[in-house]
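Asks: Just to be clear, the model below is a prediction. Sequence and coordinates:
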Amino acid sequence: MEDNYQIDQTNYEETAKRYYDVLPIRNKVLFPGVLLPIAVSKKNSLKLIKAANKDNRQLLLLTQKDNKAADPTAKDLYTTGVLAHVLQIIPVPEMGKDTMMTIFESFNRVQASDFIEQDGQLKAQAFMMEEHAPLKNDKQFKAVAESIRETVVKILNEREESPAGLQMSIKNLNNDPTMVNYVCSIYPMPTDAAQGLLEIHSMMERAEALLTLLQKDLQELTIKADVRRRTAEKIDQRQREYFLQQEMETIKKDLGTNDDNEKTVQELRERAKEKKWSAAVGEQFEKELKRLEHMHMYSPDYSNQLDYLNTMLELPWGIYSEDNYDMPHAQEILNRDHYGLDKVKERIVEYLAVQRQLALRSKKEKELNPVKSPILCLYGPPGVGKTSLGKSVAEALGRKYARVSLGGLHDEAEIRGHRRTYVSALPGRIIDSIKKCGTSNPVFVLDEVDKIGADYKGDPTAALLEVLDPEQNSSFHDNYLDVDFDLSKVLFIATANSLETVPRPLLDRMELIEMTGYLQEEKEEIAKRHLIPKELKNHGLKSTQLKFKKDILAHIIDDYTRESGVRSLERQIATICRKVDTKLALGEEYNVTVTLDDLRSYLGQARFSRDSWETNKYVGVVTGLAWTQVGGEILFIETSLSTAKAPTLTLTGNLGDVMKESATLALGYVKAHAKELGIKPEVFEKTAVHIHVPEGAIPKDGPSAGITMTTALVSAFTKRLVKPRIAMTGEMTLRGKVLPIGGVKEKLLAAKRAGITDIVLCEDNKKDVAEIAPLYLKGLKLHYVRDISEVLAIALV
């Protein structure tokens, strides 16, 4: 293509006298002064082109209005076209056997008229149209032409399918009118738009119209490129949204995911309409739902987002189970499942009574003063029924039951949940358990709160401060949900074996209820009512195939278990059941009612033994009472005196600091009141005192041996025997005043089992004795004292 813009200046009349062969072309519009290849495959067209090439004559090229017309007539063609020479014909086998690539060189822009058909070939007269070329140094036209060059280059850079070398061709065209017509010919645009450009007489107007079209296309390409590259260029918002939406719809349609995702989003939105959550929660849900709506179904984040929304929908927002305020029914459930534990049962019944009264309030009063559930903490030794009590409370209240074991917990996220920025994030165990329950007011047991740890991942006990605070848990914030959830209606019951490892701020938020170990008599009742029927059922035995008498149960408890609860007792009963099952399977005879000999056969020799009262023939030996986690015990305080050069006090038996202080205090009291007690003062100067408490492998401590040690010392120094079958317990001051002690119930029952008939204790302990059932006190004579002188008068012969 020559780099100049040439127009044949043939006289208008001379051109009009000639008829030119018409060559219809599709999807192309030729402009003057342009070389352009066109693929031709029709036989008639190929014949015409070859003849024109051979005779070196011009053809009239007119564009079809309708590309589908196979044999176009005059009415199917635009009347404005160009005259062109055939420069070269090149076969193109890859496009078809009969397809030829024809290179045309166009000259004049003409108006066709007076169409005729001669020998099957369409002909027409061509009148040259006036072309208003710009002046040679027209600066405005040059500026427009340069803008066209720059815009076309930008468009070609955005379009990956642009032919190589095309940019260079446009840049190297120095003749601006030729460059404008060349761009009009080769630029992909609708046929009617290109034809409109051809019909413009003024080159300046044609260039401006072309530039407007190019700028519009460049803007569209920029928007589409912005979608692909996710840039932040500022483009007209409405147009941007239009193209974004169109492209999104196209992508979804191509991938076949549009319908499925829309269906999922619609289902979630419908489910959300039924939820009784607050406006803030609703806004959060809708925000996250819109994020899901714009996500691709195969995106890695899609499943996480869907899980989050499902979690929110599965939570029981504003759903509460109705409490059962039938007080007799609640007491029946608690008594059925647990023997003893009167204080705990009493507190549960009190809670029910309060809830019943609050339920009678008006709706307005409830809104002004909402009910806050108490936070109970049951603490005591293992196996006393702390955890199982939670189930009974839930049944008595008619609520759902949830339980979380906190033993060994180190990660704060287990309570508060993980933030959703982490992979596989989950809600905390509190929210997860609430979701499984399906109600917002379950009975929730937090097991083993005393065994929570802390490390670099956080302190779970600090997170529990919000959960277990009635003033704060109405807006508990889970990191995964990222919204507040109301826990104020949940009845939390925490359990612990020891309060020493529970942080003080956490203890301050809970109502502490101690669950002491069971007494032997209580264990016998528990075994009779619960353990034996349960194990018989577990081992397929009937009540007629195996029976236990009360004395046998007492032997099992005394000789084969040493615990606060009843777990070991249950295991021993299970062992006996297995032995009986074996005998039944082998067809061997056995005693239906278990005997003492059967116990030794089934369980082996006794593993434990309890102290019992022995004799009072030794001076300086006094029976004391002690409390342990597995119940009460008796212990002997033994005192011996020997001659020495200097007075000494030796204490043995693995005594703790408090007991050592009690011994020192007792000896000091005896020395100070030697004359009153009938002891010569000079005896102390040459006497070595040795106080021993048997079973030295077992650590012993506590203040309750004060009066016992004093009595043993007075007995040893005065050679007075202690009365038979008497035991004592109580702390003593340096003045001889007797102070009250704890564990009275356990100590009295231990004394009774050991054959003790008389017990000395502080008068202030009367209130503790009053809480013990009369059945347990039968056969005991209690002596209440306030001063050590009263103790000595009662105890010594």
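Replies: Done, it's in.

Asks: Do you have the helices of the stretch 451-600 of the chain handy? List them.
Replies: Ranges of helices within the stretch 451-600 of the chain are 460-467, 504-508, 520-526, 532-538, 550-560, 567-586, 596-603, based on DSSP state H, counting those that start in this stretch.

Asks: And those helices: which comes nearest residue 776?
Replies: helix 520-526 (6.4 Å; Cβ to Cβ). Where C-beta positions appear, they are placed from N, C-alpha and C, glycine not excepted.

Asks: Which strands and helices lie in contact with that closest one?
Replies: helix 550-560, helix 744-753 (3 or more Cβ pairs under 8 Å, 6 or more residues apart in numbering; DSSP states H and E).

Asks: which of these has the lowest average pLDDT?
Replies: For the helices and strands packed on helix 520-526, the weakest mean pLDDT is recorded on helix 744-753, namely a mean of 83.

Asks: between that helix and helix 550-560, how many degrees?
Replies: 110 degrees (axes from the mean of the first three to the mean of the last three Cα atoms, to 10 degrees).

Asks: Okay, buried residues for the helix or strand hosting residue 665 please.
Replies: Residue 665 belongs to helix 657-672 when assigned by DSSP states H and E. Of the residues in helix 657-672, 659, 662-663, 665-667, 669-671 count as buried by neighbour count, 16 or more other Cβ atoms under 10 Å.

Asks: got it, and stretch 191-204?
Replies: 191, 194-198, 200, 203-204.

Asks: And for stretch 698-714?
Replies: 700, 702, 704-714.

Asks: and of the residues you listed, the nearest to residue 378?
Replies: Among these, and counting by Cβ to Cβ, the member closest to residue 378 is residue 702, at 23.8 Å.

Asks: can you pull the contacts of that closest one?
Replies: Going by Cβ atoms under 8 Å, 6 or more residues apart in numbering, residue 702 touches 626-627, 656, 658-659, 741.

Asks: Which two of those have the greatest separation?
Replies: Most distant of the contacts of residue 702, by Cβ to Cβ, are 656 and 741, 15.2 Å apart.

Asks: Those two: which has the busier surroundings?
Replies: Comparing residue 656 with residue 741 by other Cβ atoms under 10 Å, the one with more neighbours is residue 741, at 24 against 12.

Asks: give me the element the more buried one is part of.
Replies: Counting by DSSP H and E, residue 741 is found in no helix or strand.

Asks: ok, it touching residue 703?
Replies: Yes - under the criterion of Cβ atoms under 8 Å, residue 741 makes contact with residue 703 at 7.1 Å.

Asks: Overlap of the contact sets of those two?
Replies: residue 731.

Asks: For stretch 137-147, output the C-alpha coordinates as PDB.
Replies: What follows is stretch 137-147, C-alpha atoms only, in PDB (Å, rounded to 0.1, in the frame of the first residue of the first chain):
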ATOM      1  CA  ASN A 137      -0.900  22.000   7.400                       C
ATOM      2  CA  ASP A 138      -4.300  21.700   9.200                       C
ATOM      3  CA  LYS A 139      -3.200  21.500  12.800                       C
ATOM      4  CA  GLN A 140      -6.600  20.500  14.100                       C
ATOM      5  CA  PHE A 141      -6.800  17.500  11.700                       C
ATOM      6  CA  LYS A 142      -3.300  16.500  12.600                       C
ATOM      7  CA  ALA A 143      -4.300  16.500  16.300                       C
ATOM      8  CA  VAL A 144      -7.300  14.300  15.600                       C
ATOM      9  CA  ALA A 145      -5.200  11.900  13.500                       C
ATOM     10  CA  GLU A 146      -2.600  11.600  16.200                       C
ATOM     11  CA  SER A 147      -5.400  10.800  18.700                       C
END
